[in-house]
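> here is a sequence together with a model predicted from it:
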Amino acid sequence: MALEKITMPQLGESVTEGTISQWLVAPGDHVNKYDALAEVLTDKVTAEIPSSFTGTVKELIAEEDETLEVGAVICILETEGADEQPAESAKPTPEASAPETPKKVPAKQNAPAGRFSPAVLTLAAEHNIDLGQVTGSGRDGRITRKDVLAYVENGAPVAAAPTKPAEPAASSAPQKAAPMPTSQVGDRETPIDGIRKAIAKHMVTSKHEIPHAWMMVEADATGLVRYRDGLKNKFKAEEGYALTYFAFFVKAVAQALKEFPILNSTWAGDKIIERADINISIAVATDDHLFVPVIKHADEKSIKGIAREINELAAKARAGKLTQDDMSGGTFTVNSTGSFGSVQSMGIINHPQAAILQVESIVKRPVVIDDMIAIRNMVNLCLSIDHRILDGLVAGRFLQKVKANVETITKENTPIY
């Protein structure tokens, strides 16, 4: 028999870790190659980890709700094809199960089940925690990430810090973690699930790493409203799905990105990468979560094609059936905040993209045209930008191009098919 290690896969270009949300197998279960072993959450997608082999589950290394780095061992499979190995070899080597203890981690690590995940070691280092003082809730008393967080949140004492060069007295005292808010009588508590945790982490990363700037223009969408309203009933009857205003806006943005490719880019440390493909991420909200699936090559698609993909991706999001491919590859995000009545908003950029455009509600307003007051259908277009990549000049020119594209949508200028 041979023992094979299953590791945390990389489920996206910028994904560095994943959280095991649910094991779908148990030790002793027989699995075939490509059978699903576990559900995993990242900041981009919920996905299943398939088995790379046919065999028997020997050991589950990772706990549910545990976050591990890409490449970390999550379980061991016993497969046919080699001489039987001693039972001890079923356990991964220290090098495979976790990196060497970081220098910041206290030397004393006398907790039960002395194998720690990278996430546990990192948290222990950040908060200077002696893991020997933490009670593990995992299998066989193993310490999980949530055990360490609970230890910190309860204000438990920290271990003595390793010897460091002398520092000013003001900075040498240990910093006690801020107390967590507590519930009062009558309050309602809602546990944070894995998807919400992933969303929260992604948003914090974006705000922490990207210096946001914001600007807005208003566009006259009267021609668009007349054109779409004249088509919507016939289109729905023939195609079976709605022709929304949003499809027109996505097309207008995709066309503008061809002229201003710097908006379709990514900050990469010592360089800026302009993406060749224009893949528009669209925000789809459910009652509890927000998903951002992707319309690939949006600039090459007709308005009908974009409308179909919006409908299909929204349906899959609400049914919980989005795939990794549906969620990956986005280069610019367009958000239909106007669909729930918003007239002005500042979006958080979908890291690592360079910008996000919020399309607000189309509202009838009096405007001045040729020194006369007219009632027009106006819409605000709100743009958040990564100020490392983009300055006001190019961002303003891009917005003006989107505005011009929207204002020239008519039956004569804008084919649907």
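Received it, and whenever you're ready, just let me know what you need. Residues are numbered from 1 along each chain as shown.
> quick check: Ala72 vs Thr205, distance?
Relative to Thr205, Ala72 is positioned 20 Å away (CB to CB, to the nearest Å). To be clear about C-beta, it is placed using only N, CA and C from the backbone, and glycine gets the same treatment.
> where does the protein have low pLDDT?
Judged against pLDDT under 70, the low-scoring parts of the chain cover residues 12-14, 43-46, 81-112, 114-119, 122, 138-140, 155-178.
> how about the helices of it, start to end?
With DSSP state H, the ranges of helices along the chain come out as 94-97, 118-127, 145-153, 169-172, 194-209, 222-239, 245-259, 303-318, 324-327, 392-407.
> of those, which approaches Ser281 most closely?
Each of the helices of the chain was checked against Ser281 via CB to CB, and the shortest separation belongs to helix 324-327, namely 8.6 Å.
> and the residue lying closest to Tyr34 once chain neighbours are set aside, bridged to which residues?
Of all residues not flanking Tyr34 in the chain, Pro50 sits nearest, at 4.8 Å (CB to CB, 6 or more residues apart in numbering). On the basis of DSSP bridges, Pro50 takes part in beta bridges with Ala36.
> report the contact partners of Pro50.
Residues in contact with Pro50, defined by CB atoms under 8 Å, 6 or more residues apart in numbering, are 33-37.
> who wins for neighbours among the residues you listed?
Neighbour counts for the contacts of Pro50 were taken using other CB atoms under 10 Å; the highest belongs to Leu37, which has 22 neighbours.
> show me the strands in the stretch 251-400 of the chain, by range?
For the stretch 251-400 of the chain, the strands identified by DSSP state E, counting those that start in this stretch occupy 265-267, 272-274, 280-282, 284-285, 290-291, 294-295, 332-335, 355-369, 372-386, in order along the chain.
> of those strands, which is nearest Val25?
For those, the distance to Val25 is smallest for strand 290-291, at 26.6 Å, taking CB to CB.
> what packs against that closest one?
Strand 290-291 sits against strand 284-285, with contacts defined as 3 or more CB pairs under 8 Å, 6 or more residues apart in numbering; DSSP states H and E.
> mind redoing it with 6 Å?
Taking 3 or more CB pairs under 6 Å, 6 or more residues apart in numbering; DSSP states H and E as contact, there are no helices or strands that strand 290-291 lies on.
> listing partners with orientation, what would you give for that strand?
Those paired with strand 290-291 in the sheet (DSSP bridges) are strand 284-285 (antiparallel).
> mind checking how far Ser281 is from Gln133?
Applying CB to CB, one obtains 44 Å for the distance of Ser281 from Gln133.
> more neighbours, these two?
Ser281 (23 against 15).
> quick one, what contacts that one?
For Ser281, the set of contacting residues under the criterion of CB atoms under 6 Å, 6 or more residues apart in numbering consists of 292, 294, 330, 333, 350.
> from the residues you listed, which two are the most distant?
The largest separation in the contacts of Ser281, counting by CB to CB, is between Val294 and Asn350 at 10.1 Å.
> what is the neighbour count of Tyr241?
Residues within reach of Tyr241, counting by other CB under 10 Å, total 15.
> which residues touch it?
Counting by CB under 6 Å, 6+ apart, the residues that Tyr241 touches are Asn311.
> in JSON lines, list the strands of the stretch 251-400 of the chain along with distance to Arg226.
Conversion of the strands of the stretch 251-400 of the chain to JSON lines gives the following (distance: least, CB to CB, whole Å):
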{"stretch": "strand 265-267", "distance to Arg226": "35"}
{"stretch": "strand 272-274", "distance to Arg226": "36"}
{"stretch": "strand 280-282", "distance to Arg226": "24"}
{"stretch": "strand 284-285", "distance to Arg226": "27"}
{"stretch": "strand 290-291", "distance to Arg226": "32"}
{"stretch": "strand 294-295", "distance to Arg226": "25"}
{"stretch": "strand 332-335", "distance to Arg226": "22"}
{"stretch": "strand 355-369", "distance to Arg226": "12"}
{"stretch": "strand 372-386", "distance to Arg226": "8"}
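> next, format the contacts of Ser281 as JSON lines and append distance to Arg228 and neighbour count.
Listed next are the contacts of Ser281 as JSON lines, based on distance: CB to CB, whole Å; neighbours: other CB atoms under 10 Å:
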{"residue": "Val292", "distance to Arg228": "24", "neighbour count": "23"}
{"residue": "Val294", "distance to Arg228": "24", "neighbour count": "21"}
{"residue": "Gly330", "distance to Arg228": "25", "neighbour count": "21"}
{"residue": "Thr333", "distance to Arg228": "22", "neighbour count": "23"}
{"residue": "Asn350", "distance to Arg228": "27", "neighbour count": "23"}
